[in-house]
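>>> Sequence and predicted model, in that order:
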Amino acid sequence: MRQSSMFHGGIFGACACVYIKGREGIDLPHNPATRTPKPREGPPAVSMASTLTTICSPGGGVTSSSSAAAAEQDCRRQYAPSVWGDFFIAHQLCTPEELLSTQQKASAKKEEVRRILLAADAAAVTSGDDDLVARKLELVDALQRLGVDYHYKEEIDALLRAVHEDHHDHGASASSHDLYVTSLRFYLLRKHGYTVSSDVFAKFRDEQGNISSDDDMTTLMMLYDAAHMRTRGEDILDNIIVFNKSRLETVVKSENLEPDLAEEVTITLETTRFRRAERVEARRFISVYEKKATRDDTILEFAKLDYNIVQAVYCDELKQLSMWWKDLRSQVDMTFSRDRLVEMYFWMTVIVYEPDYSYSRIMLTKLVLYIALLDDIYDNYSTTDESNIFTTAFKRWDDKAVEEQIPQHLRNFYKSVIRTADEIVAELKVQNNKNSEVVREVMFHVAESYHAEVKWRDEQYVPADVDEHLQISLGSIMAMQVVVLTFVSMGDVTTREIIDWAFTYPRMIRAVTAMARILNDIMSYEREQASDHMASTVQTCMKQYGVTVEEAIEKLKFICEEAWMDIVQGCLDQKYPMAILHKVVSVGRSLDFIYKREDSYTLPSNLKDTITSLYTKLVV
């Protein structure tokens, strides 16, 4: 196998190369690298052809050679097999008759909930009426956390707009003197792109300048969540986070809390509300909401019915994709790669969860799976010459390239990438999608980015500091490309201007991409030490500051916190529709979830319980 690259990938890839200036004045990665590679040091790489034909047979079997068997074992050691196999091909969540009955019940409950929401919006708010404001805001928050807010976007927007206008028009007289109401309003308004000053919290400071809620855990958690809607330079929110994190940690360690409340505090400390994966949070919060004395039983029942209906949609999509994946694997040797169809589908569902976006999830799962497979090819098995050949063939994008250029062992894979991408472009055109050709642009960009990483590998280049590393490595972590494909899949809401904006790595998308790079590096660092590892942001940070691994990781985590500030700022700037901006947020949430404790895509056992609850068990 070839020598390891200096920059590594994970699911989204490896490294990019030269710099360009984005529209917002940020230095950006661009592809491909133009410098002539220096001779490679160390042992020569074994070609992909010899690796895949000598070690791994087309069906995944092992040759009779004991050395080949040992090599294959080494080849597979880094990738655990699929946890799911063909499970979802035969899986049936419920019968058609049961689904129809659920849909009929949900239809009636949906309108009942709408009436509840409209009644709340119609209720007049007078100055200082904190209880009424709290009930309105709590209703919106509950619908969002239960995962049914997509049914009521217009009603929720109208309610929040009225709350914002009341606060804006009346200033201090409309400002709540209740810390919980102030925190909830601040959180929800900023979440939806409304500009609200962090000065609303100034009045709650004590003599030491801290803001706390004494022993009220609900208020303390809400304040903590609200403070995480900060942007750069908001010192008052920075101080709230530091002080209240310490308070929450102290209280939860005291063991004086009820178990359910202690669990909520622990979850809040682990992942603040804005950053949680929406469908995962919906499944969890249904159980939490059911235990609340203040719950609305109509809303609860509708949330359960709707969750089960959406589950059925997901399972049908998983069945289609599993059959496609099984057929693909029967035609193309993929023993070199990660078998992660179900995990990839889950990942894309975190980004685009709404049931109406069924085609988006299917399209994204297929294309990003190919991106991950390309990552495995370039990162594990390509010599420089083979990388050149494969990338040149991608630029041609035709069948002639198969016979003239592509090595025999990669021809079926190359043809499958081209065929699937062309089919998706054709399907998008049938849907009158004006950005369908962008799919090919993205796939060109992917191949060039991975090829660029091979060039940097050959140069044995190690960046001087983390900033330089990110300038180089953002392009091939593939987060930007996934954002672009998500935009394309959304149809008419996406203009070509939005696509071009994303390709320039504006601050909001650069933030998500930097987060992808750093979180991937942090979670893969230990595994790298067991093999011929690459220079990651962790190692670069250690070198830059002369610190330990643990200290470097803490510094990198702060860069991720700054990235979230830029994401929030992007929502407040509202340069494009919130439907677009919220998908950038969802990509950030997906990264936070996948890399929370481990690289859950490469090591999927951590996702098994989550996927089981989301796709195999009805909510009762």
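It's in. None of the values given here were measured: they were computed from a predicted structure. Numbers count the residues shown, from 1 in each chain.

>>> where along the stretch 501-620 of the chain do the helices fall?
Along the stretch 501-620 of the chain, the segments classed as helices by DSSP state H, counting those that start in this stretch run 507-529, 537-545, 549-573, 578-594, 608-615.

>>> can I get the ones you listed in CSV with mean pLDDT?
CSV is the format used below for the helices of the stretch 501-620 of the chain (pLDDT from 0 to 100):
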stretch, mean pLDDT
helix 507-529, 90
helix 537-545, 93
helix 549-573, 97
helix 578-594, 97
helix 608-615, 96
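
>>> Export those as JSON lines, with columns for mean neighbour count.
(Each C-beta comes from the backbone N, C-alpha and C, glycine too.) Output for those, formatted as JSON lines (neighbours: other CB atoms under 10 Å):
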{"stretch": "helix 507-529", "mean neighbour count": "23"}
{"stretch": "helix 537-545", "mean neighbour count": "20"}
{"stretch": "helix 549-573", "mean neighbour count": "18"}
{"stretch": "helix 578-594", "mean neighbour count": "21"}
{"stretch": "helix 608-615", "mean neighbour count": "16"}
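
>>> Including distance to residue 273, could those helices go into JSON lines?
Output for the helices of the stretch 501-620 of the chain, formatted as JSON lines (distance: least, CB to CB, whole Å):
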{"stretch": "helix 507-529", "distance to residue 273": "18"}
{"stretch": "helix 537-545", "distance to residue 273": "27"}
{"stretch": "helix 549-573", "distance to residue 273": "12"}
{"stretch": "helix 578-594", "distance to residue 273": "11"}
{"stretch": "helix 608-615", "distance to residue 273": "18"}
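
>>> Ok, which of those helices comes nearest residue 487?
Checking those against residue 487 by CB to CB gives helix 578-594 as the closest, at 6.5 Å.

>>> Can I get that closest one as PDB, trimmed to CA atoms?
Extracted in PDB, the C-alpha atoms of helix 578-594 (Å, rounded to 0.1, in the frame of the first residue of the first chain):
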ATOM      1  CA  MET A 578     -33.200  31.100   6.400                       C
ATOM      2  CA  ALA A 579     -34.100  27.800   4.700                       C
ATOM      3  CA  ILE A 580     -30.700  27.900   3.100                       C
ATOM      4  CA  LEU A 581     -28.800  29.100   6.200                       C
ATOM      5  CA  HIS A 582     -30.400  26.600   8.500                       C
ATOM      6  CA  LYS A 583     -29.000  23.800   6.300                       C
ATOM      7  CA  VAL A 584     -25.500  25.100   7.000                       C
ATOM      8  CA  VAL A 585     -26.400  25.000  10.700                       C
ATOM      9  CA  SER A 586     -27.600  21.400  10.200                       C
ATOM     10  CA  VAL A 587     -24.300  20.400   8.600                       C
ATOM     11  CA  GLY A 588     -22.600  21.800  11.700                       C
ATOM     12  CA  ARG A 589     -24.900  19.800  14.000                       C
ATOM     13  CA  SER A 590     -24.200  16.600  12.000                       C
ATOM     14  CA  LEU A 591     -20.500  17.000  12.500                       C
ATOM     15  CA  ASP A 592     -20.900  17.700  16.200                       C
ATOM     16  CA  PHE A 593     -23.000  14.500  16.600                       C
ATOM     17  CA  ILE A 594     -20.800  12.200  14.400                       C
END
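
>>> low pLDDT regions in the stretch 151-300 of the chain?
Applying pLDDT under 70 to the stretch 151-300 of the chain flags residues 167-175, 213-214.

>>> Could you pull out the helices in it for me?
Going by DSSP H, counting those that start in this stretch, the stretch 151-300 of the chain shows helices at 153-170, 179-191, 217-227, 235-253, 259-270, 278-290, 297-331.

>>> Rebuild the ones you listed as JSON lines, extending it with distance to residue 612.
Below are the helices of the stretch 151-300 of the chain laid out as JSON lines (distance: least, CB to CB, whole Å):
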{"stretch": "helix 153-170", "distance to residue 612": "30"}
{"stretch": "helix 179-191", "distance to residue 612": "29"}
{"stretch": "helix 217-227", "distance to residue 612": "28"}
{"stretch": "helix 235-253", "distance to residue 612": "27"}
{"stretch": "helix 259-270", "distance to residue 612": "19"}
{"stretch": "helix 278-290", "distance to residue 612": "11"}
{"stretch": "helix 297-331", "distance to residue 612": "12"}
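
>>> Let me have these in CSV, extended by distance to residue 145 and mean neighbour count.
Formatted as CSV, the helices of the stretch 151-300 of the chain follow (distance: least, CB to CB, whole Å; neighbours: other CB atoms under 10 Å):
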stretch, distance to residue 145, mean neighbour count
helix 153-170, 13, 15
helix 179-191, 11, 23
helix 217-227, 11, 23
helix 235-253, 19, 16
helix 259-270, 12, 15
helix 278-290, 4, 18
helix 297-331, 9, 18
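
>>> Determine which of these approaches residue 414 most closely.
helix 297-331 (12.1 Å).

>>> neighbours of residue 363, just the number please.
Residue 363: 23 surrounding residues under other CB atoms under 10 Å.

>>> Check the spacing between the closest residue to residue 143 other than its chain neighbours and residue 113 real quick.
Nearest non-adjacent residue to residue 143, counting by CB to CB, 6 or more residues apart in numbering: residue 149, 4.5 Å away. To residue 113, residue 149 is 10 Å away according to CB to CB, to the nearest Å.

>>> Could you tell me which residues touch both of these two?
Common contact partners of residue 149 and residue 113 (CB atoms under 8 Å, 6 or more residues apart in numbering): residue 143.

>>> Of these two, which one has the most company?
Shown here are residue 149 and residue 113; by other CB under 10 Å, residue 113 has more neighbours (24 against 19).

>>> so what's the more buried one scoring on pLDDT?
We have a pLDDT of 98 for residue 113.

>>> ok, now the one 3 residues further on?
Residue 116 is assigned 96 on the pLDDT scale.

>>> just checking, what packs against the host helix or strand of it?
Counting by DSSP states H and E, the element that carries residue 116 is helix 96-122. Counting by 3 or more CB pairs under 8 Å, 6 or more residues apart in numbering; DSSP states H and E, the packing neighbours recorded for helix 96-122 are helix 130-145, helix 153-170, helix 297-331.

>>> other SSEs contacting the first one?
Helix 130-145 is packed against helix 96-122, helix 153-170, helix 179-191, helix 278-290, with contacts defined by 3+ CB pairs under 8 Å, 6+ apart.

>>> and the second one, what other elements does it pack with?
In terms of contacts (3+ CB pairs under 8 Å, 6+ apart), helix 153-170 is packed against helix 96-122, helix 130-145, helix 179-191.

>>> quick one, what contacts the nearest residue in space to residue 541 that is not next to it in sequence?
Nearest non-adjacent residue to residue 541, counting by CB to CB, 6+ apart: residue 552, 3.9 Å away. By CB under 8 Å, 6+ apart, residue 552 lies in contact with 538, 539, 541, 542, 545.

>>> what's the distance between the second one and residue 545?
Per CB to CB, residue 539 is found 12 Å from residue 545.

>>> One more: the first one?
Going from residue 538 to residue 545 by CB to CB gives 11 Å.

>>> what sits against residue 376?
336, 337, 338 are the contacts of residue 376 under CB under 8 Å, 6+ apart.
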